[in-house]
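Chemist: Task: produce atomic coordinates for the following.
(4 chains)
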2 protein chains.
Amino acid sequence: MTDRRTQIVDEARALLEEAGPDGLTMRSLAARLGIQAPSLYKHVASKDELEVLLITEALREQGAAMHAAIDGLPRRSARRSTLTTLGAAYRTWAAAHPHLYRLATGGPLPRASLPEGLEAWAAQPLVRAAGSEARARAAWAFAHGMTILELDGRFPPGADLAQAWAAGIAALS
Amino acid sequence: MTDRRTQIVDEARALLEEAGPDGLTMRSLAARLGIQAPSLYKHVASKDELEVLLITEALREQGAAMHAAIDGLPRRSARRSTLTTLGAAYRTWAAAHPHLYRLATGGPLPRASLPEGLEAWAAQPLVRAAGSEARARAAWAFAHGMTILELDGRFPPGADLAQAWAAGIAALS
DNA sequence: GTCTATAGTGGGATAGAC
DNA sequence: GTCTATCCCACTATAGAC
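Modeler: Alright, predicted model coming up:
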């Protein structure tokens, strides 16, 4: 017996992944749950609130994936192998949940509505691995750029992206 | 006497920059021109066509800015100073036209509708400076990532972005 | 080249009954 | 907790007169 609100978020997530951001509407979400759209508002204040819940889930999950990735590494690994591992984890998570990734990284972060400390916790593995805040931000920009350009189909068809990832990570190590 | 179509594109661009992608509607574009929305369709086939025209303008302009940036450099400059110059030009152009940059870089490129060779020409300065395709793509991903994360307000308030740019460029040089 | 009128579609959200 | 009925909004686009 999961509670209704949780059920709504789960279904919203499934709908988002299937239909993309534009496909996530209160009407079709309700339809999936077998109810009418107005009924959703008894459980969720607005579509915005629903999106914040999805973003929160995304940060928690991707953060967990990043933490898990470095936990599996031997202590005192070379920076390069740590960054390679983190990069792979980042890319893998995004590829597995492209629309959720997009929702969570496009547009301003609703920091005020997020659980406190979540953003910093999710960023922590990369900050530690990079060696400085500036380098961590550069590495994040690289990873996000590669990811979003790939998701958006901006690279020329046939481009060797594994090589581009490797080149960026080697440079940033 | 600029022709009507050109005038429409110019006004669309101004509207885009003022109101963002969601503010660019055929209705308000028409209103700015002092005509009714349906009249626009005598000059432009659809909103999609209009957007393709805007994207083309963006690629031409940013490409020109990048070409101009390296033209001003002494021959045989160090890779690092070339990349620094290109990075600054990239960031500057995007900051001056944030919504146009977003329109031109978000979502798939409508390659089939673009003037032939435009994409490659715009990318040329970076490809030459980076030394290989893989490094050029990594550098592009870094630059786009920095730019879009900054435009979207994703970096923590107060983050020193100049330092992050410098760190990334130093690494990629 | 512009107009009016309008079609057609979709969205978020509320009120009030049950 | 769900329903029906409905509001109000906005959009792209077409037809046909002037």
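Chemist: Next, the contact list for residue A:52, please.
Modeler: With contact taken as Cβ atoms under 8 Å, 6 or more residues apart in numbering or on different chains, residue A:52 is in contact with A:110, A:113-114. The way it works is simple: take the backbone N, C-alpha and C, and place the C-beta from them, glycine included.
Chemist: which residues are there in chain A that come within reach of DNA strand C?
Modeler: Applying the criterion Cβ under 7 Å from any atom of the strand, the portion of chain A that neighbours DNA strand C consists of A:24-28, A:37-38, A:41, A:46-48.
Chemist: Whichever of those residues end up buried, select them in ChimeraX.
Modeler: Once 16 or more other Cβ atoms under 10 Å in any protein chain shown is used to decide burial, the buried members of these can be selected in ChimeraX as follows:
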select /A:24,26
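Chemist: need the strands for chain A, in chain order.
Modeler: In chain order, chain A shows no strands, with DSSP state E as the criterion.
Chemist: Can you list the low-confidence ranges for it?
Modeler: For chain A, the stretches flagged by pLDDT under 70 are A:1.
Chemist: Of all residues in it, which one is nearest the centre?
Modeler: The structure's chain A has its C-alpha centroid closest to residue A:101; by Cα atoms, centre = their mean the separation is 3.8 Å.
Chemist: which residues touch the residue nearest to it when sequence neighbours are not counted?
Modeler: The spatially closest residue to residue A:101, leaving aside those adjacent along the chain, is residue A:94, at 4.3 Å (Cβ to Cβ, 6 or more residues apart in numbering or on different chains). Residue A:94 makes contact with A:62, A:101, A:147, A:151 under the criterion Cβ under 8 Å, 6+ apart.
Chemist: still on that earlier bit, include distance to chain B and neighbour count when you put the contacts of residue A:52 into JSON lines, please.
Modeler: Output for the contacts of residue A:52, formatted as JSON lines (distance: Cβ to the nearest Cβ, whole Å; neighbours: other Cβ atoms under 10 Å in any protein chain shown):
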{"residue": "A:110", "distance to chain B": "11", "neighbour count": "13"}
{"residue": "A:113", "distance to chain B": "14", "neighbour count": "13"}
{"residue": "A:114", "distance to chain B": "13", "neighbour count": "14"}
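Chemist: Off-centre distance for the top helix by length along chain A?
Modeler: In chain A, with assignment by DSSP state H, the single longest helix is helix A:47-71. Between the centre of helix A:47-71 and the centre of its host chain there is 6 Å, according to Cα atoms, centre = their mean, to the nearest Å.
Chemist: Enumerate the positions of that helix that are buried.
Modeler: For helix A:47-71, by 16+ other Cβ under 10 Å, it's A:50-59, A:61-63, A:65-66, A:69-70.
Chemist: now swap in stretch A:159-173 and tell me
Modeler: Neighbour-count burial for stretch A:159-173 flags A:161, A:164-165, A:167-173 (criterion: 16+ other Cβ under 10 Å).
Chemist: from the residues you listed, which is closest to DNA strand D?
Modeler: Nearest to DNA strand D among the buried residues of stretch A:159-173 is residue A:161, at 32.9 Å by Cβ to the nearest atom of the strand.
Chemist: show me what contacts the residue lying farthest from the centre of chain A?
Modeler: Relative to the mean C-alpha coordinate of chain A, counting by Cα atoms, centre = their mean, the farthest residue is residue A:36 (29.6 Å). Applying Cβ under 8 Å, 6+ apart to residue A:36 gives the contacts residue A:30.
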